[in-house]
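Participant: Fold the following.
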Amino acid sequence: MLSAAAVIATGATCGTLALSATAAPLASAGNPLARLTADQIAKKAVTDLKAASSFHYHGSGKASGQTISISMSVTHKGCTGWIGDGSHGGFAILAIGTTVWIQPNDKFWEYAGVPASEVSAVHGKWLKTTGTGSSSLSAAFAPFCKANKLVSALALQLTGLVKGKTIKISGHPALQLHNRSGRERIYVSISSKPEILRIKDGGTINFSAYGKHVTLTPPPASDVISVPGASLRAHSLQHLLRGL
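Facilitator: Numbering: from 1, shown residues only. All right, here's what the predicted structure looks like:
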C-alpha cells in the first residue's frame, strides 16, 4: 500500500502515542471483534473513519533525508493543521469548503524566496485562495483534508489481513491487523465500532479525537493576502510545496 509513508512524505507534525505491547492474544469473551475476520474489521474501521464527523491524525517520517511532520484535524466542512519539516520550515493550513488559507512560518517564507530582510512584512500573514480546479490549493490539500481522499492516499490494504497481537495506544486496547509480511499494520480500537488508531508501513500515522468538536474560523481579513488562482497555478503552489 502507498500508505502512511506516502502521506508523511507529502508533508505533515507529530507526536508518538504511548505504546505497550502485550503477548496475550485477543480475548474472545465479551470482545465484539472476535467473530469478525481481519478483513471485515479493517473495512468496518475504514467505513467508520469516512463517516466520522471529525478526527485528528498526526505523524512523522523521513523523506529525502528530512523529517516531515503533519498534524491535522479533519471535519466534513474542512480541516486545520500544520505541515512542515526541519530544514525548510512549514505552514499552518485552514480549509473551509473550497477556500484554503496557508500561513507559512518565517523559515518557509525564506525558503519560498522572500529575502530575510523582508520576512517581517509577511510574518504571520495568511495566503488565501479559492477554487476547485485540479491545480488549486483545495485540490492539493484534499488528500489531507477529506476522509475519503485520505483513505485513498493511504491505499489501505483491506484484503488478506491477519489478526495480530493486542496492544494499548494511549491506554486504549487496540487490535493489530497486518498483511502476511507483517510490514503493513493497522491498529483498531477493540469495540463494536472499531476506529483506526494507528497505521504503520514505513511511516507512522496516529488517529484520535473521533467526533470531537473542531472550530474552523477564517483568519482576520487584515492578516490575509489573497492569491489569484491563475498565478498560483502557474508557479506559487509548486514553489510553496516543493520538497514537501
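Participant: List the buried residues of stretch 172-187.
Facilitator: For stretch 172-187, burial by neighbour count (16 or more other C-beta atoms under 10 Å) applies to 172-179, 184-187. (Glycine included, C-beta is placed from N, CA and C.)
Participant: pLDDT below threshold where in the chain?
Facilitator: 1-30, 135, 228-244 (pLDDT under 70).
Participant: Helices of that one, start to end?
Facilitator: Secondary structure of the chain (DSSP state H): helices at 3-9, 38-51, 106-111, 119-122, 137-145, 147-154, 229-231, 237-241.
Participant: Which of the ones you listed sits closest to Leu94?
Facilitator: helix 137-145 (9.7 Å; C-beta to C-beta).
Participant: so how far is that closest one from its chain's centroid?
Facilitator: The gap between where helix 137-145 is centred and where its chain is centred comes out at 11 Å by C-alpha atoms, centre = their mean, to the nearest Å.
Participant: just to revisit the earlier point, in strands only, show me the buried residues of stretch 172-187.
Facilitator: Mapping these onto strands (DSSP state E) picks out 172-178, 185-187.
Participant: Check those against Ala34 and report the nearest one.
Facilitator: Among these, and counting by C-beta to C-beta, the member closest to Ala34 is Leu175, at 10.0 Å.
Participant: mind listing the strands for this protein?
Facilitator: 19-21, 54-63, 66-75, 78-85, 89-96, 99-104, 126-130, 162-169, 172-178, 185-189, 196-200, 204-208, 224-226.
Participant: Tell me what angle the fifth one forms with strand 99-104.
Facilitator: What that stands for is strand 89-96. Calculated by axes from the mean of the first three to the mean of the last three C-alpha atoms, to 10 degrees, strand 89-96 forms an angle of 160 degrees with strand 99-104.
Participant: Just give me the neighbour total for Ala140.
Facilitator: 20 (other C-beta atoms under 10 Å).
Participant: gap between it and Ile83?
Facilitator: Between Ala140 and Ile83 the computed distance is 11 Å (C-beta to C-beta, to the nearest Å).
Participant: what's the answer for Gln40, then?
Facilitator: Taking C-beta to C-beta, one finds Gln40 at 34 Å from Ile83.
Participant: Who has more neighbours out of these two?
Facilitator: Between Gln40 and Ile83, Ile83 has the larger neighbour count (other C-beta under 10 Å), namely 24 against 14.
Participant: quick one: the more buried one and Ala95 touch, right?
Facilitator: No. Assessed by C-beta atoms under 8 Å, Ile83 is found out of contact with Ala95, at 11.9 Å.
Participant: partner residues bridging Tyr187?
Facilitator: Beta-bridge pairing for Tyr187 (DSSP bridges): Gln176, Arg198.
Participant: re the thing from before, same list (the buried residues of stretch 172-187) but as a markdown table, adding distance to Ile225.
Facilitator: Formatted as a markdown table, the buried residues of stretch 172-187 follow (distance: C-beta to C-beta, whole Å):
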| residue | distance to Ile225 |
| --- | --- |
| His172 | 42 |
| Pro173 | 47 |
| Ala174 | 43 |
| Leu175 | 47 |
| Gln176 | 46 |
| Leu177 | 45 |
| His178 | 46 |
| Asn179 | 46 |
| Glu184 | 41 |
| Arg185 | 42 |
| Ile186 | 40 |
| Tyr187 | 41 |
